[in-house]
Every structure is written in structure tokens, then in C-alpha cells.
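Make a model of this:
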Amino acid sequence: MKKRIYQIVSICIALAIANCSFAQDTTQKIIEGRRNDKSQYNKPYVILISADGFRADFTELYDAKFLKSISQKGVRAKFMTPSFPSLTFPNHYSIVTGMYPSHHGLVDNTYFDKASGLEYRMSNPKMVQDGKWYGGTPLWVLAEKQKMLSASFYWVGSEADIQNTRPTYYYVYNEKIDIANRIKAVKDWLSLPEDQRPHMITFYLPQVDHEAHTYGPNEKHVEDAVQFVDSSVNALQAQLATLNLPINYIFVSDHGMTKVDNDNTLSMPTAIDTAAFKVPWGDALIHLYAKDISKIQSTYDALKKDSNISVYKLEETPDYWHSKTSDDKYNRLGDLLVTPVLPKVFNFSTRKTTLGKHGFDNHLTDMRATFMAWGPAIKNGLYIDDFENINVYPLVASILGLQYDENAIDGKLKVLQPILKPTPVLSKAPKAN
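Residues are numbered from 1 along each chain as shown. Sure thing, here's the model as predicted:
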């Protein structure tokens, strides 16, 4: 009996150590043997920076001096419209694939895949690193397949073997590496010999999202986080300026943030029978996956009576959500979609939820994201109208001179091409006859 207890304890300790080691994995991953093709040596460089949760008005609201100044020398959009749902995983992946979530497969941070019977969770490291969950061709995969090296200091999907391809240089997501060392890593990449130097780089900053979730978007903690992001991007550019490389910076966010009523949250509606539906976690959106399709209509009818929520069959969803049955390429959307009426939010746990939330209708003002760009390929002093985030992909591909199939993505180069200086590019694959 003692031996059995010892074995169990040993296994638990081993698992705890393994989990701890994974969470604190700060080592750079390098795919050996790759080199830039010589045709890529003289191409420009793009650093795609995401400040998670950096709402479109935060630059002025919290006086981000560097971003205000540098965007006046480049291009800034009134705002960038996130894809629906306005959540982190779907939108980061939409930015780097040029596709709506229903088309690339990450339809939520947590969702049910009907084909496999599995539930994808962004908190599950094995799922996050499994390429089967990710459709489309991310920018780093596009680059690597054309023998242009890429690097990632975090981005949704960058750890996964998408099309059996990861960035040449990347890190498993952790928050242990301080900003000075993150910037140093980027400078080290760009200081490599031409055949080993990445041209496509992603760089992710989570601080604003963290603080805005915890305290709501209108608090001093968020101001401090915005100032941190502002100074970090300033420091990154200053460090890289000494390399005298043609670096183009694109600064984006995935979504905005709004304050919710976290004192009077919504529990699971009584009309939802969990014996008849699978219901993954959600606070601004819940998907109802029917185990028994005969229960869909009656459940829908019952939910429609609740004034605190809105319920949709897929064919009823707004066109700009791109969440109809015909959009659902991977069959991952719920049979019913349920959203709370702001400032209400769902909370199915016993713990108090946070004050700041996103994930709501992507056309709401508070969900608006940020877009700025500057560098040698970008025009100077332009303030442009709003646009959808799926259009960042063809912009980056165009700057890098990468070919892509324009019929395979939702974004269109014509949307952001006017912000580019008139230099020759090879951005599109020839159309099939």
C-alpha cells in the first residue's frame, strides 16, 4: 500500500514539474537547416506588433506620445474593425491569415469541433501547438514556403505545426522574459547574416489586455500598461535603428475592451438543458452545440423570451459576423449563438468575473482595434478610414513581395494598397485559367 502511495505521489510530482517546466520554457526554438533564398536578401522587413486589447482610442486617452508621434509620420487608421467574435485567438489568427474566423477555423477562444468531438481550449498547450486546428496560411508559413525566413516573439498559431511549418525562430508563449530581452532577441535576429536573417517578425504585448480585464478600461492601471507598450515600441525601434535596415512596423491590436456589470452577471439560462447541448465556456458569447437537434427550436423559442440576452440561429446572424452555416467551413460554430445584452455578461463559475470584457459584436465602438504603420514602404502623414483586420495580410505580403492566392483569403490588397509607396511588388499568384 505504501509503495502504491509512493508511486502516485511520484507521478504527481513528475507531472507538476513537467507542467511547471513547460510554463517556464523561455528557450528560443530554432528550426535548423533553413536559409533565405538569395532572391530574398534585398527584400524589406516587416515587424508586426500586436498590443492585445489596445482599444482604438487608448492612444489619445492615455497619451501614448511615441505612438502618436510616429503614426503622424506614417499611416494611422481611424480604427480597425476586428472580426467576430472580438476575442484574442480568432482575431490574431485573422490578422495573419486574412480570413474570417469561420473560414480559418478558430471560431472562438474555446469551441467544439463537431468532426472530432473535441473541445479546443486556448489554455490547452497541446491543442495550441497542434496544427490540425488551424486553417489558412499564416504569414510566417507563406514566407517560409517561399524560402524567406520568419521569426515570432509570440503570436496565436506560431507554436503550431501549421502545414508542417513553424517560424524558423520562435518561442513557446510565456511571460517570464522581460521586455529588454525580447527586444534584444529581435535585434539579434536582424543582426544575423543575410542568409539567416528573418524578414517577417511578429511581436506580441499582452499588458493592456491584462490590466483592462482586471480593472476595466478606464483605470490608472490601464494607463500604465499603455505607457509601457508605448515605451516598449519606442525602445524596439530605437534599438533596431542602429542596424540601418529597411524595417516596416505595423502596430495593431486584436480588439478593444468595455466595462461590464460584474456584480449582476448572468448564470446559465434555465432554458438551456446541458443534457441536450454542449456549452463551452464563454462570457460575451456562448455556443450551443446540440446533442439532440430536436431541442434546438424549443430552446431557441425559450431563450428569445429572455430580455437579458440575444439568441441567433446561424442564418439569423448579422452578415458582417460571417457566421452563417455557409461560412462555417470547419463545422465549429454552435447551432445557436447566445450573447448577453451589455452591460450584462455571462459568468458560469462561483468566482467573481472581471470588470473589463471583449468578445461582443465587432461593430460596437468599444470593440474597435488600433492600426498604425510606418517605415520605408509606407506613405507619410496619412490618416485613413476604418477597415477590417483581414486586410492586413495582403498588405504585409505585398511589402515582403510574397505571392499568395487572392481567392483563398477574405482580405483584399486594394483596401490598404493606397498606404504603400509606389514601388514594384509581386504579391499575387497568377489566377488559374
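
Where does the prediction get shaky in the chain?
Across the chain, residues meeting the criterion (pLDDT under 70) sit at 1-23, 423-433.

domains for it, by residue range?
34-99+136-258+362-419, 277-357 (automatic domain parsing).

Need the winner for burial among those domains.
domain 34-99+136-258+362-419 (a mean of 20; mean count of other CB atoms under 10 Å). Any C-beta I mention is one placed from the backbone N, CA and C, and that applies to glycine too.

what about the helices in this structure?
Here the chain has its helices, by DSSP state H, at 2-23, 58-61, 65-72, 88-97, 101-104, 125-128, 139-145, 179-190, 207-215, 220-241, 296-303, 392-400, 413-416.

quick one: the closest residue to residue 394 other than its chain neighbours and residue 396, what's the gap?
Spatial nearest neighbour of residue 394, chain neighbours left out: residue 413 (4.0 Å); criterion: CB to CB, 6 or more residues apart in numbering. Using CB to CB, to the nearest Å, residue 413 is found at 10 Å from residue 396.

One more: residue 173?
Taken as CB to CB, the span from residue 173 to residue 396 is 21 Å.

Likewise for residue 324?
When residue 324 is compared with residue 396 (using CB to CB), they lie 28 Å apart.

what are the phi and psi angles of residue 329?
phi -60, psi -40 (degrees, to the nearest 10).

so it makes contact with residue 106?
No: Residue 329 is beyond contact range of residue 106, at 11.4 Å (criterion: CB atoms under 8 Å).

and the residue nearest to residue 364 when sequence neighbours are not counted, what does it touch?
The spatially closest residue to residue 364, leaving aside those adjacent along the chain, is residue 258, at 7.3 Å (CB to CB, 6+ apart). Residues in contact with residue 258, defined by CB atoms under 8 Å, 6 or more residues apart in numbering, are 217, 342-343, 356-358, 360, 364, 366-367.

about what we covered before: looking at the domains of the chain, which is nearest to residue 111?
Shortest separation from residue 111 across the domains of the chain is recorded for domain 277-357, at 5.3 Å, computed as CB to CB.

Figure out how far the closest one is from the centre of its chain.
Centroid separation for domain 277-357 versus its chain: 21 Å, with CA atoms, centre = their mean, to the nearest Å.

residues in contact with residue 223?
residue 62.

Also residue 311?
300, 303-304, 336-338.

what bridges to it?
Assessed by DSSP bridges, residue 311 has beta-bridge partners residue 338.

any idea how far it lies from residue 302?
Applying CB to CB to residue 311 and residue 302 gives a distance of 9 Å.

next one: residue 239
Distance from residue 239 to residue 302, by CB to CB: 58 Å.

Residue 367 too?
From residue 367 to residue 302 the distance is 28 Å (CB to CB).

again with residue 375
In terms of CB to CB, residue 375 sits 54 Å off from residue 302.

One more: residue 26?
50 Å.

ditto for residue 112
Distance from residue 112 to residue 302, by CB to CB: 21 Å.

swap in residue 157?
Taking CB to CB, one finds residue 157 at 38 Å from residue 302.

now do residue 40
According to CB to CB, residue 40 and residue 302 sit 58 Å apart.

now do residue 186
53 Å.

can you check residue 376 too?
Distance from residue 376 to residue 302, by CB to CB: 59 Å.

One more: residue 296?
11 Å.

now swap in residue 100 and tell me
Computed as CB to CB, the residue 100 to residue 302 distance reads 30 Å.

Likewise for residue 120?
28 Å.

can I have stretch 144-155 written out in PDB, keeping just the CAs?
The C-alpha coordinates for stretch 144-155 follow below in PDB (Å, rounded to 0.1, in the frame of the first residue of the first chain):
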ATOM      1  CA  GLU A 144       8.900  30.000 -45.200                       C
ATOM      2  CA  LYS A 145       7.400  28.200 -48.100                       C
ATOM      3  CA  GLN A 146       8.900  30.900 -50.400                       C
ATOM      4  CA  LYS A 147      12.300  30.500 -48.700                       C
ATOM      5  CA  MET A 148      12.100  33.700 -46.700                       C
ATOM      6  CA  LEU A 149      12.800  33.200 -43.000                       C
ATOM      7  CA  SER A 150      10.400  34.300 -40.300                       C
ATOM      8  CA  ALA A 151      10.500  34.700 -36.500                       C
ATOM      9  CA  SER A 152       7.900  35.100 -33.800                       C
ATOM     10  CA  PHE A 153       8.100  36.500 -30.300                       C
ATOM     11  CA  TYR A 154       4.600  35.100 -29.800                       C
ATOM     12  CA  TRP A 155       1.500  35.100 -31.900                       C
END
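
Distance from the chain centre to it, please.
16 Å.

who touches that stretch?
Counting by CB under 8 Å, 6+ apart, 34-37, 39-40, 43, 48, 50, 92, 96, 137, 139-140, 143, 158, 163, 165, 167-171, 173, 182, 185-186, 189, 196-204, 400, 402-403 sit against stretch 144-155.

Over to stretch 297-310?
Against stretch 297-310 from outside (CB under 8 Å, 6+ apart): 266, 269, 271-273, 276-277, 288, 311, 313, 336, 338-341, 344.

from those residues, which is closest to residue 248?
residue 339 (37.1 Å).

I'd guessed the closest one sits against residue 285; true?
Yes: at 5.4 Å, residue 339 and residue 285 qualify as touching, with contact defined as CB under 8 Å.

list the residues that contact both of these two?
Each of residue 360 lies in contact with both residue 339 and residue 285 under the rule CB under 8 Å, 6+ apart.

Would you state the strands of the stretch 301-433 of the chain in chain order?
Counting by DSSP state E, counting those that start in this stretch, the stretch 301-433 of the chain has strands at residues 309-313, 336-340, 356-357, 371-374, 382-384, 387-388.

Not counting residues beside it along the chain, what's closest to residue 243?
Residue 243 sits nearest to residue 190 (CB to CB, 6+ apart), 5.5 Å away.

you'd agree the one you found is up against residue 242?
No: taking contacts as CB under 8 Å, residue 190 lies outside contact range of residue 242: 10.2 Å.
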